[in-house]
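Chemist: quick one: sequence plus predicted model below, questions after.
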Amino acid sequence: MRRAVCPGSYDPATNGHLDIIVRAAELFDEVVVAVLVNKKKQGLFSIDERMDMLRETTAKLPNVRVDSWHGLLVDYCRANGIKAIAKGLRSVSDFDYELQMAQMNRELSGVETLLMANNPAYSYLSSSLVKEVATYGGDVTQMVPDVVHKRLAEKLARSE
């Protein structure tokens, strides 16, 4: 079975993230969407909220499951029998960083990294920008899956 992981913070997941997940699901028998647990960072959404939104968003993809991880991604891959990491690239600066990570991960564990060019329609998207625009009342409807848009609006309404 060919298995890959799509790691990220997904705080929140964007249509760019979903594009990479869908495309990876076409290439691999199983794709694990692994939500980063970083105890040093306080996200807008809890890990459980992010995982719930991702489960709803990917529900129609039978070979995708959602999990979380803390620590080195290569340790997660080893523990779960995953041989590939699938990640999206928006820009040259993404490539510089991701190439170093890919080389380090391969050196540490032999896990390969598939760097996928993002759909140009989503190349400007980042979770940080989506949160900032939404915080100031901007319309992010076309930037995130429907479930994320709904939960983002609810979360921001509660914080006012």
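Modeler: Received the coordinates, thanks.

Chemist: tell me the contacts of the closest residue to Gly81 other than its chain neighbours?
Modeler: Nearest non-adjacent residue to Gly81, counting by Cβ to Cβ, 6 or more residues apart in numbering: Arg3, 6.4 Å away. C-beta coordinates here come from the backbone N, C-alpha and C atoms, glycine included. Taking Cβ atoms under 8 Å, 6 or more residues apart in numbering as the contact definition, Arg3 lies against Phe28, Asp29, Glu30, Val31, Val32, Asn80, Gly81, Ile82, Lys83, Ala84.

Chemist: state the mean pLDDT of stretch 27-47.
Modeler: The average pLDDT for stretch 27-47 rounds to 90.

Chemist: picking that back up, ok, of the contacts of Arg3, which come out buried?
Modeler: When those are checked for burial by 16 or more other Cβ atoms under 10 Å, the buried set is Phe28, Glu30, Val31, Val32, Ile82, Lys83, Ala84.

Chemist: any idea what the second one is bridged to?
Modeler: Pointing back at Glu30 there. Arg3 (DSSP bridges).

Chemist: let me see the contact set for it.
Modeler: Contacts of Glu30 (Cβ under 8 Å, 6+ apart): Met1, Arg2, Arg3, Ala4, Asn63, Val64, Arg65.

Chemist: which one of those sits closest to Thr141?
Modeler: Distance to Thr141 across these (Cβ to Cβ) is lowest for Val64, with 23.4 Å.

Chemist: mind checking how far the closest one is from Ala24?
Modeler: In this view, Val64 and Ala24 are 8 Å apart by Cβ to Cβ, to the nearest Å.

Chemist: looking at those two, which one has more neighbours?
Modeler: Ala24 (26 against 21; other Cβ atoms under 10 Å).

Chemist: circling back: closest to Ala157 among the contacts of Glu30?
Modeler: Val64 (29.7 Å).

Chemist: wait, doesn't that closest one sit right on Phe28?
Modeler: No - with contact defined as Cβ atoms under 8 Å, Val64 does not reach Phe28; the gap is 9.4 Å.

Chemist: that older thread, just send the contacts of Glu30 back as CSV, with pLDDT and distance to Gln142 too.
Modeler: Listed next are these as CSV, based on pLDDT from 0 to 100; distance: Cβ to Cβ, whole Å:
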residue, pLDDT, distance to Gln142
Met1, 89, 35
Arg2, 95, 32
Arg3, 97, 32
Ala4, 98, 27
Asn63, 98, 27
Val64, 98, 22
Arg65, 98, 27
